[in-house]
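**Q** How does the following fold in three dimensions:
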Amino acid sequence: LDGAVLYRSNVRNRLELDVITLDQLNSALHLLEELRDMENKIDGIYLPIETMYAKLREFELRLPRNEVEEVDQLRDKWQELMELAEEVRHKLLIEKRGTFEQELDKQVKSFNVEVLRFRNDFDGQGPMVPGIPPAEAVSRLDFFQQSYVLFDLKRKTLDSVSKLFGIICKPFTELDKTGEELHLLNQLYGLFQKFIRFDTRFRDTLWADVDLESASVEVEGYWDECLALPSKLKDKDAYNDLKTSLQTYLEVFPLLKALNSKEIRNRHWSRVMFVTHSQFPLEANVFKLHHLLDIGLIKDKAEIEEICHGAARELELEIKMKVTEEEWTEQVLAFEHYKKRGPMYLDKAFTERLLEQLEDSQALLANMLTSKYIAPLRTETASLAVKLKEVAEVLELWLEVQDLWQYLEAVFSNSQAARELPQEAKRFARVDKTWMKLMKKAFDTRNVLQCCHGGGEGSKVLHYKIIYDELEICFKSLMVYLDNKRRAFPRFYFVS
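**A** Alright, predicted model coming up:
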């Protein structure tokens, strides 16, 4: 009930307003059309209200007098409203028709002049003026779009009044042309604005946080939208600027992805700066995308790709070198028990296998040192090669010393031989003591590099060489002694 009363009251107030301008006339005539349509619906609105209040009366409920009166007067007051509407219609369309037609003709002519002026402004100061930056073009587009909306509303008002008076609507071709161009430009600059927002956000992204895959997909989407724009836009400067910017991104993304790989180190960034004649910070909290986008990576594409390719090869060499280094850092020697002396005898078969592995590792390092990409790792790789060379020399000499020691130990452990060769026996005893200490220390250490590489203790080769020379003196003396025995006892010549 309240809604029906309020609607009726609002309509009455609007009908009682004086109509002076064409806008007011247009609004009043649309209101009259609305009331004509409402006449067919009024029963559907009033009947449920009347039925509900009739039911309430049947139950003898106490109802406010003003509500009862409003229900009883619904139809009468609606009829009064319709009579008022008819009076207004007659007044506007018959009594004041001539006045409004004159005003219509006057405003149509005036509007036509305004449209031509608007078009001239659009051509001379609009978003399609050559040479203006995209941001300025977007600003101008917004201004002319808002202006066009007002012009279009005015044109609709004039057309509506003309139709109501049965007058042929005047065409405004310049306004239609401007509207069509604004619609097209909205598509272009709408895409341009999305790209500008992306570009601004992307440039301000930290290099450490960038997601190049999602950014690449986003730019490819803009590229597809750009290609799908109407052909009428493809001769516009803004279209060509947008297309060029997108193409630049599509070309630079592969370089950015290559530079974002794990093998790129600070030394490679230094080479990028040298090639591009630029400087930028590498700290993770300040290094951003704009530092790379502003230095023109594309013009040095070949050099950048070579840097990235070299970095990948350097990483491969570094991995090989690290694997080799870890292999020998963790490698241990194997010992066997010898008589009652404990585990002091180097396992010969195992050691020979180690020597074969050493040979393979040395060949790998030598091959790596011939690569043109080894420069950053040359010192480290060469140092490891020297270590492994010393290890191989020590192990080979170790086995020779061990064989000679084993032979002499069997001889001088015999008391008769010790009596026959007292000086040599003493010499061997000193060497044997040194050898046992050396073997005990080696068994406690076991690590190949620690046992065979000098480090801060001098050359391990020299240590074993000294022992070997001492044992060889004993061996030569023993050979002289045996030769003398063979000459004295020829029948025992077969003794070796």
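**Q** what helices or strands is the biggest helix by length in the chain leaning on?
**A** Longest helix of the chain, by residue count under DSSP state H: helix 378-412. Judged by 3 or more CB pairs under 8 Å, 6 or more residues apart in numbering; DSSP states H and E, helix 378-412 is in contact with helix 301-330, strand 343-346, helix 348-369, helix 422-445, helix 448-452, helix 460-488. No exception for glycine: its C-beta is placed from N, CA and C like everyone else's.
**Q** With respect to R271, which of these lies nearest?
**A** helix 301-330 (5.2 Å; CB to CB).
**Q** what's S278 sitting at in phi/psi?
**A** Main-chain torsions, S278, degrees, to the nearest 10: phi -140, psi 170.
**Q** Distance check, it against K372.
**A** 25 Å (CB to CB, to the nearest Å).
**Q** Looking at those two, which one has more neighbours?
**A** Regarding S278 and K372, a neighbour count based on other CB atoms under 10 Å identifies S278 as having more, with 15 against 7.
**Q** what sits up against stretch 144-155?
**A** With contacts defined as CB atoms under 8 Å, 6 or more residues apart in numbering, stretch 144-155 is touched by 111, 114-115, 118, 121-122, 126-127, 172, 175, 178-179, 182, 186.
**Q** got it, and stretch 277-294?
**A** For stretch 277-294, the external contacting residues (CB under 8 Å, 6+ apart) are 202-208, 210, 252, 256, 259, 266, 269, 273, 295.
**Q** what sits against V138?
**A** Neighbours of V138 in contact, by CB under 8 Å, 6+ apart: P127, Y189, F192, Q193.
**Q** what about 7 Å?
**A** Contact partners of V138, counting by CB atoms under 7 Å, 6 or more residues apart in numbering, are Y189, Q193.
**Q** Just the element for it, please.
**A** helix 134-164 (DSSP states H and E).
**Q** Tell me the buried residues in that helix?
**A** Across helix 134-164, burial judged by 16 or more other CB atoms under 10 Å covers 134, 137-138, 140-141, 144-145, 148, 151, 154-155, 157-162, 164.
**Q** Give me the buried entries from the contacts of stretch 144-155.
**A** Among the contacts of stretch 144-155, the ones that count as buried by 16+ other CB under 10 Å are F111, V115, F118, F122, G126, P127, F172, L175, T178, G179, L182.
**Q** Pull the most distant pair out of the residues you listed.
**A** Spatial extent of those (CB to CB) is set by the pair F111 and P127 at 23.4 Å.
**Q** could I get the contacts of stretch 144-155 as a markdown table with secondary structure?
**A** Output for the contacts of stretch 144-155, formatted as a markdown table (DSSP: H, G, I helix; E, B strand; the rest coil):
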| residue | secondary structure |
| --- | --- |
| F111 | helix |
| E114 | helix |
| V115 | helix |
| F118 | helix |
| D121 | helix |
| F122 | helix |
| G126 | coil |
| P127 | coil |
| F172 | coil |
| L175 | helix |
| T178 | helix |
| G179 | helix |
| L182 | helix |
| N186 | helix |
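**Q** Could you single out the nearest of the contacts of stretch 277-294 to L346?
**A** Closest to L346, out of all of these and judged by CB to CB, is N266, at 45.0 Å.
**Q** Just give me the neighbour total for the closest one.
**A** A count of nearby residues for N266, using other CB under 10 Å, gives 8.
**Q** do the one 3 residues further on as well
**A** Counted with other CB under 10 Å, residues neighbouring W269 total 16.
**Q** so what's it up against?
**A** Counting by CB under 7 Å, 6+ apart, W269 makes contact with L282.
**Q** Shouldn't it be within a strand?
**A** No. Judged by three-state DSSP, W269 forms no part of a strand; its state is helix.
**Q** Which pLDDT value goes with it?
**A** Looking at W269, its pLDDT stands at 94.
**Q** and what of K41?
**A** Confidence score, pLDDT, at K41: 82.
**Q** Backbone dihedrals for it, both of them.
**A** phi -110, psi -10.
**Q** Check the burial of it by counting its neighbours.
**A** By the criterion of other CB under 10 Å, K41 has 9 neighbours.
**Q** Return the distance of it relative to E50.
**A** K41 is 15 Å from E50, where distance means CB to CB.
**Q** quick one: average pLDDT of the helix holding V138?
**A** 86.
**Q** Between the contacts of stretch 144-155, which sits nearest D237?
**A** Checking those one by one against D237 (CB to CB), the nearest turns out to be P127, at 10.2 Å.
**Q** my read: the closest one touches A135, true?
**A** No. Counting by CB atoms under 7 Å, P127 sits too far from A135 to count as a contact (10.9 Å).
**Q** Residue ranges in the protein under the pLDDT threshold?
**A** Scanning the chain for pLDDT under 70 picks out 61, 95, 454-458, 489-496.
**Q** how about E67, what does it touch?
**A** L1.
**Q** Name the SS class of it, please.
**A** E67 is classified as helix under three-state DSSP.
**Q** ok, so what distance separates it from I49?
**A** 10 Å.
**Q** Give me the residue at the spatial middle of the protein.
**A** D211 (1.1 Å; CA atoms, centre = their mean).
**Q** Now that one: phi and psi?
**A** The phi and psi values for D211, taken as degrees, to the nearest 10, are phi -110, psi 90.
**Q** And it, how close does it get to N260?
**A** 10 Å.
**Q** now do L388
**A** Counting by CB to CB, the gap from L388 to N260 is 36 Å.
**Q** what do you get for V386?
**A** Distance, V386 to N260, by CB to CB: 36 Å.
**Q** more crowded one of those two?
**A** Neighbour tally, V386 and N260, criterion other CB under 10 Å: the higher count belongs to N260, 15 against 12.
**Q** Identify the residues contacting that one.
**A** When contacts are counted by CB under 7 Å, 6+ apart, N260 touches V210, L212.
**Q** name the element the spatially closest residue to I42 that is not a sequence neighbour belongs to?
**A** Spatially, and ignoring its direct neighbours in sequence, I42 is nearest to W78 (6.2 Å; CB to CB, 6 or more residues apart in numbering). Here W78, judged by DSSP H and E, is contained in helix 65-90.
**Q** list the buried ones in that helix?
**A** Neighbour counts over helix 65-90 (16+ other CB under 10 Å) mark E70, V71, L74, K77, W78, L81, A85, V88, R89 as buried.
**Q** The second one contacts M52, correct?
**A** Okay, so that is V71. No. With contact defined as CB under 7 Å, V71 does not count as touching M52 (8.9 Å).
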